[in-house]
Structure formats: structure tokens, C-alpha cells
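Q: please find the sequence and the predicted model below.
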Protein chains: 2
Amino acid sequence: MAITIKDVAGRAGVSVATASRVLSGGRRVSPELADRVRESARELGYRHNAVARALRHGRTSSVGMIVPEIGNPFFPSLVEAVERTLSESGRDLLLCDAQQDPSVELRRARTLMARQVDGLIVIPVSASASRAALDEVASRLPVIQLDRFVTDYLGDWVGVDDALGISLAVEHIAALGSRSVAFVSAEPECSSAQQRLRGFTEATQRMGLLESGDRLLGEFSAGWGRAAAQKLLAGPSLPDAVVCGNDEIAVGLLGEFRRARVRVPDDVLVTGFDDIRFAALADPPLTTIRQPHEVIASECIRLLDARMDDADLPAQRIAIAPSLIARESTGSVS
Amino acid sequence: MAITIKDVAGRAGVSVATASRVLSGGRRVSPELADRVRESARELGYRHNAVARALRHGRTSSVGMIVPEIGNPFFPSLVEAVERTLSESGRDLLLCDAQQDPSVELRRARTLMARQVDGLIVIPVSASASRAALDEVASRLPVIQLDRFVTDYLGDWVGVDDALGISLAVEHIAALGSRSVAFVSAEPECSSAQQRLRGFTEATQRMGLLESGDRLLGEFSAGWGRAAAQKLLAGPSLPDAVVCGNDEIAVGLLGEFRRARVRVPDDVLVTGFDDIRFAALADPPLTTIRQPHEVIASECIRLLDARMDDADLPAQRIAIAPSLIARESTGSVS
DNA sequence: TTGAAAGCGCTAACAC
DNA sequence: GTGTTAGCGCTTTCAA
């Protein structure tokens, strides 16, 4: 059996109360006893039991996080930033993967609640079907929606301003002289897809651009990018530019254009969204919308802490402005 | 305060023991009482407290995992596979990021131990400096090294056969007629880098290939791939082929070759390692060595469970054979 | 300043 | 089959 505080106290010849006071920082203990306790803890190799502490305290100093799919290259950077931010305040992250399935998401939310996480960060799988999980959790625990949000759900959210991001892309290609522009993105199943679609519609109208071809809506994957490129290529004429809903789509699209000997940016401009690690390594390097992960993560934790402090705080929705990173796929770099 | 089993028992008019028996499956309870208990649990919205259960049981049904850097595109797929495998047996994953720093790695190991995880999966940051963390953990807890291992450390390990992987790549390019071959990889700081280097040396010797240029050793990043490409380009002549230590390096290298108008595979063949998501989307699509994540993850959990069953089991090292995925970067696809 | 003791929520002997 | 109770390891009153 592991060493407990009782063993430490026994060896130091003090009560467990005193040992506890020394070991968990709390109240004043005479220097002499304190030394004896620390000494015997060291000798015995004592390590505190966070489970027992949590049961006693009613807090676990841990935060749960549910991600739609950790394999998706955008999420790990967010996870990394959140984990780092939490660790600064001595808290740990319990990470769960929802496997893109709202019912898995709900199960994960329940196990995290059972584990008494102090708060929960959710990137919802779906703008509608994730509602059940959020409602159930929110009645018991501080929850922050990260990156995506559930439609008409009144709860805290921190993420990038998706619509603004797309409008940055549209303005960029318009400034480069594009008149006709296609949009390749995901079906508006999650809020990112919805907001990016809305951003596209509004920006193109505002700027009086022609929309070429249908808006092609599939999923946030390179495979869909490929398929969409084929549809565009099969059409009567290519647009001047293609704005993509995320980088994976854009990379797939670039690959298919390359295969078809369509030159980017000479024949058509292409933009992505997220600035994932490989955006800069694509051929050509991809102009995209960068999300400031660190800021998003730290705002998320700040909001979570505020919510933990005061459950009655009015809900906040924090939309953070992204920035455009111009690369060769829009010809902006020689 | 949250609903406890006491509340449920009270409302059902039974003892907490009976309520517990019903709610946590255990022993026989008369159908009538069982129904009453379940009913009142439902009405009150009772959810069990895993922390209390863990304190009582001495098991948390959770497994810790420490990853060198979750942002690195290879690790998320491993994390995903591990998380999925664990969830099949009702266990959760506590994920920590070591930020590529052995001292962070040690701290993370300690907090995971404090949280009483039932076992720990570590992808060591370093083949030498990660030793301290492993030793400290292993004296108290079942640990499995995943993917990488610590030199001369006698403990379980599951991963891909790195040397074999590289030799597959070398044989592949040799079969395609390459005579001179360069190796671009990371400094042998972690075991993957070490084994891949060894695999390269042995395979080239075995096959009587010329090694062209120095082995270029930097880090597992696209940036290093770029830099290494420049070094190769600055040399007197390009090798017939470049075998890269991982896909990120290869992708960086491809980018730089493209910029320099070196044609792949016409002028030089290039191979990667890992088969990350973007290997197939690179330009040209990258021939690489695929790691079977699912198999690796499930073997890892199997071994962890075996170790938890019997701490005296002799250490096992399970090297899983990777496979070569031929793509256009070695011209294997028309 | 220190110690004794209660109790966080749960489960498993142990009694009945 | 059911209830009573001890106790997992820890912190924190409450007394001394």
C-alpha cells in the first residue's frame, strides 16, 4: 500500500492534523515540527492523494474538455493551448474525444461530470444535436463552449469570429481583382460552418461580387476539397477565386487543381481557414485565416473561472478577431 | 449540493447499502426495492460520484498519458486510438503535454500519480532525460512506454519497428534504381530518431548503397526539412534519393525542392515516415511508412492491463511492423 | 500551536 | 435480502 499522511505523521511523532497542515500549506505550525514532518515525508517518499483531497474539498482541480475529433488537425493546437493555460494554475485536463458523434459526446460529458471536474470545455459536435449534452451539464457545472456553439443556447462561448474571418478572405481576393468567387465548405451542421457560410454570403453581397457555381457544401475534409474541385472543374468555367471553409478543404482542392493542371494563383485564387500547421507547406503555400489559439485558450479559461466564481454571471459570447495570412495561393507573395 | 446516494436511499425508503447495491450493479436486491431505488434516483437526477467511488475502491478507472507535444501531427492519432480503446473498457484518459521538456514531463507524471491513475502511458520526450520520470513512476504504478523508449530502461514498450520501417524505405528506393541516398532526420535524442538512424545505416550497408552527403540530422520538423534541402542543394550534386526521418521533414524538403525547381520524383526520390494525414496531400503525394495506430494502441492497452494484473511479469518490448505506402514522391504511381 | 474527531460519498464486510 | 457500520485519505472545525 502507498504511504499515507498517517504514516508520515506517525514517523514524525505528530498528529495527522499537523502533518496535513504542513504538507498542504495551510496554517501555522512550529518550524521544528514542520521540519520533522517534511523530513519524514521525504524519507518515506510520501505523495499526496489527490482523490482523497478532492473528495474532502469538493474540488478536483481538473477541467474536462470534449473535442469533436482529436485527429482533426485544428483541435490539437487548441487542446495544447488550453492544457498549457490550465497547468499555469495547477489544474489538469481530462480530454475526451466525441468521435464526431453527439451520443458519444453526451456519454463523455457524463463521465466527466462523474469525475467531478470543476468545469467543462466543450467544442460541440453539432449546432443542434449537442444541445442535450450541454443542457445536462450546464445544470450542474460551469461549461464553456469553445470554438463552436450550439444554436440558441444561452451559454458562454469563446471562439474566433468566423464570419469576420471569411469576410477578410473575401475582401482579400476582391482587392486582388477577383469578380467571381466560389465557396467550398461544410454543410452548416456546426456553428463554424454556419457562420462561415453567413460570412461568405454577406461579404460577397456587400462587395458586389458574383458568386460562381453553387456554394459547394460537404464536410471539413481534404476528401471533400478534392471532390469539390472536380465539380468546379466539370462546370462551364472556373471562378476567379475559391474561398474554402477550412484549410483541409483548401489543401484537397489544391491537390486536385494541381492534378488537373489548373494553376494557383494564376488561374484561380484559393484561400483556407484556420492556419493549420501544413497551410504554409501546401503547394502553393496557402493564404488563410489565422486563429490566435493562445488568446482563445486563455480567454476560455478566464471565462470558465469567472463562471465558477459566479454562476449567475450573464452569459458571455467572446468572438475574437482572426487575421489574414497572405501566402502564394493568392499570389500575394512573389 | 449534489444528490448523493443517501438522498436516493432516503426517498426510496431503503438503506444506503441497498441503494448502492442497486446503483452499482453488485449484489441481489429484491426487484421491488430495486425499482424503487432506480425510480427515485431518476427522479432526483442522481449521478454517482466517481471520486468517492475511486477513494473507496482504490482504483480510478482512468489512465494517464503523457505526450511530448500534442501539436505534433503524429501524436493526436495515437491519442485518439488510445482514447477509443480505453473507452471500450469504460476507462477515461487523462492527457498531459510535456511541452518537449523532460522537467515538465516529470511534473506531469507526478500530478497523474497524485490523481491515482490506474496506469500510465508515456511517449518519452528523450531517450536519456526521460529516465528520471519513468523510474519514479514505475516504482509505484504500471507504466507502458509508447512509440518511443528510454535507452537501457527495462520496462514495457509498444511501438513501431523504426529500423524496419526505414529499411523498407531504403529497399524501396533501391529497387527503383537509386544508388546514392541521403538521410535527413532528427538528432538521435529520442529513440525513434536513434532507431531510424540505425535502420538507415544498416540498410544502406546491407544493400551496398552509396550514401551521399552527410546524414543530415536536425529535428523532426518541416523547418528542418527545408534547411536540409538547402544544404543538399548547395552540395556538389544531389543524391538519387532522400530518405526522411518523418513526414514533416519530408514535406518541408519537398517544399524547398519545389521552390528550387528540383523535380520529385524525376530528379530525386523522397520518402517520409509516419503517414500523417497530410502525407497523401503533399505535392507530390509522399511515399511513406505507415504506422498502424489502432494496433499499436490496442497492444499498448493490452500490455498495460497485463502489467496491472501482474506487476512481476517480465518486461515486454513489442515492435510492430509498419508498412510502406508507395506514392508519387518515389514515382511509384504513374 | 496542536490533537481528536467528524465527515466528504461510496462500498463491502458483517450482522440480522 | 436488507440494514448497520467501518473506513478509503484527507482537511478542517472544535477543544485544549
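A: Nice, thanks for sending it over. Here the structure is a predicted model, which means the values were calculated and not measured.

Q: how many neighbours does residue A:325 have?
A: Close neighbours of residue A:325, defined as other Cβ atoms under 10 Å in any protein chain shown, add up to 18. The C-beta positions use only the backbone N, C-alpha and C, and glycine is treated the same way.

Q: the one 5 residues further on now?
A: Taking other Cβ under 10 Å as the neighbour definition, residue A:330 ends up with a count of 25.

Q: how close does it sit to residue A:105?
A: 36 Å (Cβ to Cβ, to the nearest Å).

Q: and chain A, what are its domains?
A: A:5-48, A:61-160+A:293-320, A:162-291+A:324-330 (automatic domain parsing).

Q: so which of those comes closest to residue B:24?
A: Nearest to residue B:24 among the domains of chain A is domain A:61-160+A:293-320 (11.8 Å), distances taken as Cβ to Cβ.

Q: establish whether the closest one and DNA strand D are in contact.
A: No. Against DNA strand D, domain A:61-160+A:293-320 shows no contacts by Cβ under 7 Å from any atom of the strand, the least distance being 11.1 Å.

Q: now do the strands in the stretch 51-200 of chain A.
A: Along the stretch 51-200 of chain A, counting by DSSP state E, counting those that start in this stretch, strands occupy A:62-67, A:92-97, A:119-122, A:143-146, A:157-160, A:180-186.

Q: between these, which gets the lowest average pLDDT?
A: Ranked by mean pLDDT, the strands of the stretch 51-200 of chain A bottom out at strand A:92-97, with a mean of 92.

Q: which residues touch residue A:200?
A: A:166-167, A:170, A:183, A:185, A:215, A:243 (Cβ atoms under 8 Å, 6 or more residues apart in numbering or on different chains).

Q: that one and residue A:241: what is the separation?
A: 12 Å.

Q: cool, residue A:15 as well?
A: In terms of Cβ to Cβ, residue A:15 sits 74 Å off from residue A:241.

Q: between these two, point out the one with more neighbours.
A: Per other Cβ under 10 Å, whichever of residue A:15 and residue A:241 has more neighbours is residue A:241, with 28 against 13.

Q: for the more buried one, phi and psi?
A: phi -150, psi 150 (degrees, to the nearest 10).

Q: how close does it get to residue B:148?
A: Applying Cβ to Cβ to residue A:241 and residue B:148 gives a distance of 44 Å.

Q: what do you get for residue A:28?
A: For residue A:28, the distance to residue B:148 - Cβ to Cβ - is 46 Å.

Q: with neighbour numbers in mind, choose between those two.
A: In terms of neighbours (other Cβ under 10 Å), residue B:148 is the more surrounded of residue A:28 and residue B:148; the figures are 23 against 7.

Q: does the more buried one touch residue B:123 like I think?
A: Yes. Under the criterion of Cβ atoms under 8 Å, residue B:148 makes contact with residue B:123 at 5.6 Å.

Q: for DNA strand D, what's its nearest residue on the stretch 201-334 of chain A.
A: residue A:308 (16.7 Å; Cβ to the nearest atom of the strand).

Q: confidence score at residue A:214?
A: pLDDT, residue A:214: 74.

Q: oh, that last question was meant for residue A:1, not what I typed.
A: pLDDT, residue A:1: 68.

Q: could you tell me which residues touch both of residue B:148 and residue B:123?
A: residue B:68.

Q: shaky segments in the stretch 101-250 of chain A?
A: Applying pLDDT under 70 to the stretch 101-250 of chain A picks out residues A:212-213.

Q: who in the stretch 101-250 of chain A is up against DNA strand C?
A: Counting by Cβ under 7 Å from any atom of the strand, the stretch 101-250 of chain A has no residue next to DNA strand C.

Q: try 10 Å
A: A:114, A:116 (Cβ under 10 Å from any atom of the strand).

Q: need the residues of the stretch 101-250 of chain A near chain B, please.
A: The stretch 101-250 of chain A comes close to chain B at residues A:110-116, A:140, A:222, as judged by Cβ under 8 Å from any Cβ of the partner chain.

Q: can you give me the helices in chain A?
A: With helices called from DSSP state H, chain A shows them at A:5-12, A:16-23, A:31-44, A:50-57, A:74-88, A:102-114, A:131-138, A:162-175, A:191-206, A:222-234, A:247-259, A:293-309.

Q: ok, residue A:258 - contacts?
A: A:264, A:283, B:283.

Q: give me the distance between the nearest residue to residue A:105 once chain neighbours are set aside and residue A:133.
A: Distances taken as Cβ to Cβ, 6 or more residues apart in numbering or on different chains put residue A:98 closest to residue A:105, at 3.8 Å, once the chain neighbours are dropped. Distance of residue A:98 to residue A:133, computed by Cβ to Cβ: 9 Å.

Q: common neighbours of those two, please.
A: Joint contacts of residue A:98 and residue A:133 (Cβ under 8 Å, 6+ apart) are A:66, A:105.

Q: residue A:87: neighbour count?
A: 18.

Q: next: residue A:283.
A: Residue A:283: 21 neighbours (other Cβ under 10 Å).

Q: what sits against residue A:190?
A: A:68, A:124-127, A:148.

Q: let's see it at 7 Å
A: Residue A:190 makes contacts with A:124-127, A:148, as judged by Cβ atoms under 7 Å, 6 or more residues apart in numbering or on different chains.

Q: which of the residues you listed ranks first by neighbour count?
A: Most surrounded of those: other Cβ under 10 Å gives residue A:124, at 28 neighbours.

Q: so residue A:330 sits right up against residue A:268, yeah?
A: No. Counting by Cβ atoms under 7 Å, residue A:268 is not a contact partner of residue A:330; they are 9.8 Å apart.
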